[in-house]
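A.B. asks: With the sequence up front, the predicted model follows.
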Amino acid sequence: MVDTKTPGDKTLSVPTKTLTLKPRVETGTVRQSFSHGRTKQVVVEKRGKRRVGGEAPATETAAPEPVAAKAAPAKAPLTRPATPPAAPRSGSGVVLRTLTEDERSARASALADAKVRDMEERRLAEEEAKRRNSKEGIEQAEREAAEARRKAEEERHRQDEEAKRKAELEAKKRFGEAEARAATPARPAVPAARPPGVAADASDEDEGPRQIRRGPGGVARPAAAPKTTAKPAPQKQRGRLTLVTALNADDVRERSIASFRRRTQRLKGHTSNEPKEKLVREVIIPEAINIQELANRMSERAVDVIRLLMKQGAMHKITDVIDADTAQLIAEELGHTVKRVAAADVEEGLFDIVDDSTDTEPRSPVVTVMGHVDHGKTSLLDALRHANVVSGEAGGITQHIGAYQVTSPESGKKITFIDTPGHAAFTAMRARGAKVTDIVVLVVAADDGVMPQTVEAINHAKAAKVPMIVAINKIDKPDARPERVRTELLQHEVQVESLGGDVVDVEVSAKNKTNLDKLLEMIALQAELLDLKTNAERPAEGTVIEAKLDRGRGPVATVLVQRGTLRVGDIVVAGAEMGRVRALISDQGETIDEAGPSVPVEVLGFNGPPEAGDRLAVVENEARARQVTSYRAHQKRENAAASISGMRGSLEQMMSQLKTSGRKDFPLIVKADVQGSLEAILGSLEKLGTEEVAARILHAGVGGISESDVTLAEGFNAAIIGFNVRAHKEAAAAAKRNGIEIRYYNIIYDLVDDVKKAMSGLLAPTLRETMLGNAQILEVFNISKVGKVAGCRVTDGTVERGANVRLIRDNVVVHEGKLSTLKRFKDEVKEVQSGQECGMAFENYGDMRVGDVIECYRVETIQRSL
């Protein structure tokens, strides 16, 4: 409150307004309306704009206090310090209060903040104005583009009308009025007549004939056609108008030529009833084809094919498969030509391509060393190669087929040797060696003579129709008799040169390296007689001698290249496996880039290990390789399924076989290091089978023993056999956990013997009866708590307690059982000798009579073996 004095010395109390930095706010209420008659009353605040520099709005001039408050503080006048300054007064006598330092600083800071906010608002307003101007510029550009399109459309329409008018005038000049009228399109109907004196509007020129106007005096005169000033309105723009649509609006989408042709053909088809031309095709028909595929190849409807089959009395669906003969009849009935193909046609041109090239060169001979086991084949090759392969063989015998190259010291030419095992189980290996060879070297020990595998090697050589050289080995032994060997060979139609034949024989000693040069000379001479030549520049062909699965290198195949040259990067096919050659490794372990004819190499890069004996060929691309391998894999599955179904038969056949034969299976899982060893093991195990027991091979493969093998063995309670392989760490742990037995072997003899013993345990034992003696019943006693006891005299042999007995009455066996009690006098005895009397009682039988004969015998169980 401020005290003021009026001229009449009356004191008045005038209220003063408190100074604050808060903006002026005017409040009010507004009622908002919503849908469905709902309303809401809200409070609206109106904030006054802050004034800078002491200016007050015009509406506040009546309030002196705020105006005085907003004025800048005035400096106090200079007076004496003792005298306090007089309070300033207004013109009306109101005393004005002076601002303090805090109030002045607060007011200054508030004014500075207000100035900063004002500058920020001014900057935002300028940016908004620029944005609005740019938006208006874009809209102006769009409007100008639309106006340009509209003008272009009008100009194009005007040009079309002008061209049409010129065409009509030209037609009138050439063909006359009638033809021109016929050529012009039909005009709409004449409009209704107009009352006299009414002028025609602009559209009358295009509607019907020209109207006749009546001039002054009723004279008829043609009405002049008024000029058309109406412009065609542009089409309404659809969709959102953007810069892209504005720039692309001139592009008019027209009907394509293909669409126009289809429409023309469709109209011709409706208007003309001419029959369509029959399309005759050459239909390729495989051995089996379904109806849908056959219809597609003939470009016919499947319904027509089914209709023809129904006429022949066969009901089929569209997905049914028919044979090639039926498909050929249908195709010929529909007027098509037929080309029959077979699934095996994919292998055409893969092997044995006739080479017309005269660019041939001599190749190295391929020599296969064959003979009986332990006759020194590998030792002879070691002596020729200056190597020591024998020391690395398990058991001192060769169980793998190997290929090596030896350089002849005299001629310097290379000779390829193939070493085959001599064990009886490796018949297939010896047969493969004989198929790929040019010359067979038959090794016979001078101290042992001709043996069964020697005879088998002779038969293989004769079947392959290759020349033979007999190497009589071990002539350094004291008991060596080479003449005996020559004489025994005569029994098998092998006559050596020393006995007047044509078969070359050489006496050698691998241990002392005697006559090895002579053996190489004979081989080179025989190769010259054969005149071995081939073309090395053609795609390679060869034979897989051996295959294995190496854990570090993957599938590895030992291949003997027979024709052409095999290079790194070639796409090869061998059996049901394919691959790209990643590396070639020679017999010396060196990596090479290419392998020519008669060169044995290890090939890396197959998808899986091929079968030993498969033929290898280089194909042009992967598509051909996949086609060939898929066909071969399909054939392999079909053969396996056929063999299984043939062995299995129907359920009734299986049950009848079990009832009649009672054959037991010995389940096995066999894993070997190479395909050749696996083949020999399977052949040996198959020969062990009899009518009562047989080895059932659940799975056989090349490579280490994996967890899947252990899981399979657990399901069938089978044993796992590993030949020169080991189980993986996880597989060994799983086998130990599940109690699956894994046996490792490196000699095929031990493997076959152990399996033979295990299979012998499944055989039912043989029961053999051993007669002990006879006794005759003299009297039958009925004893309480015991039953009937027969008093007997032993007539021959002995009678033992617990033995089996037969009760014979009138030479007829009436009971078979066991002797429960045997007493002599009152004592239990183990046996009673001949001529003595005793008491006997049977187990669970008491119908004994005087005069019956008791036959006592023992049953022995004898274990059988294969």
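C.D. replies: Perfect, I can see it now.

A.B. asks: CA atoms only: put stretch 447-467 into CSV for me.
C.D. replies: Only the C-alpha atoms of stretch 447-467 are listed here, as CSV (Å, rounded to 0.1, in the frame of the first residue of the first chain):
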residue,chain,number,x,y,z
ASP,A,447,60.5,-125.4,-53.3
ASP,A,448,56.7,-125.4,-53.1
GLY,A,449,55.5,-126.0,-56.7
VAL,A,450,52.1,-125.3,-58.2
MET,A,451,49.4,-124.5,-55.5
PRO,A,452,45.7,-123.7,-55.7
GLN,A,453,46.1,-119.9,-56.1
THR,A,454,48.7,-120.6,-58.8
VAL,A,455,46.1,-122.6,-60.7
GLU,A,456,43.6,-119.7,-60.2
ALA,A,457,46.1,-117.2,-61.6
ILE,A,458,46.6,-119.3,-64.6
ASN,A,459,42.8,-119.4,-65.2
HIS,A,460,42.6,-115.6,-64.9
ALA,A,461,45.4,-115.1,-67.4
LYS,A,462,43.7,-117.4,-69.9
ALA,A,463,40.4,-115.7,-69.4
ALA,A,464,42.0,-112.3,-70.1
LYS,A,465,43.8,-113.7,-73.2
VAL,A,466,47.1,-112.1,-72.2
PRO,A,467,50.6,-113.6,-72.6
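
A.B. asks: May I see the buried residues of it?
C.D. replies: 447-451, 453-458, 460-461, 464, 466-467 (16 or more other C-beta atoms under 10 Å). Where you see a C-beta, it was placed from the backbone N, CA and C, and this is true even at glycine.

A.B. asks: Which is the succeeding secondary structure element to the helix or strand hosting Thr454?
C.D. replies: Take DSSP states H and E as the rule and Thr454 turns out to sit in helix 452-464. Note on helix 452-464: by DSSP H and E, the next helix or strand toward the C-terminus is strand 468-473.

A.B. asks: Student question: in the protein, what's the helix or strand with minimum average pLDDT?
C.D. replies: helix 64-70 (a mean of 38; mean pLDDT, DSSP states H and E).

A.B. asks: following it, which helix or strand shows up next?
C.D. replies: Note on helix 64-70: by DSSP H and E, the next helix or strand toward the C-terminus is helix 101-183.

A.B. asks: packing partners for that following helix?
C.D. replies: helix 243-247 (3 or more C-beta pairs under 8 Å, 6 or more residues apart in numbering; DSSP states H and E).

A.B. asks: so where is the stretch 101-250 of the chain shaky, pLDDT-wise?
C.D. replies: Within the stretch 101-250 of the chain, the segments meeting pLDDT under 70 span 174-241, 243-250.

A.B. asks: Going toward the C-terminus from the longest strand seen in the chain, what's the next helix or strand?
C.D. replies: If you go by DSSP state E, the chain has its longest strand at strand 766-783. Per DSSP H and E, strand 766-783 leads on to strand 787-797 as the next helix or strand towards the C-terminus.

A.B. asks: Run the angle between that next one and strand 766-783 for me.
C.D. replies: Here strand 787-797 runs at an angle of 130 degrees relative to strand 766-783 (axes from the mean of the first three to the mean of the last three C-alpha atoms, to 10 degrees).

A.B. asks: which neighbours does strand 787-797 have in its sheet, and in what orientation?
C.D. replies: strand 766-783 (antiparallel), strand 837-842 (antiparallel) (DSSP bridges).

A.B. asks: Now it: buried residues?
C.D. replies: Buried positions in strand 787-797, judged by neighbour count with 16+ other C-beta under 10 Å: Gly787, Val789, Ala790, Gly791, Cys792, Val794, Gly797.

A.B. asks: and the helix holding Thr454, what other elements does it pack with?
C.D. replies: strand 366-371, helix 427-435, strand 439-445.

A.B. asks: Would you tell me what the next helix or strand after the first one is?
C.D. replies: In other words, strand 366-371. helix 377-385.

A.B. asks: Now do the buried residues in the following helix or strand past that next one.
C.D. replies: Downstream of helix 377-385, the first helix or strand assigned by DSSP H and E is strand 402-407. Neighbour-count burial for strand 402-407 flags Gly402, Ala403, Tyr404, Gln405, Val406 (criterion: 16+ other C-beta under 10 Å).
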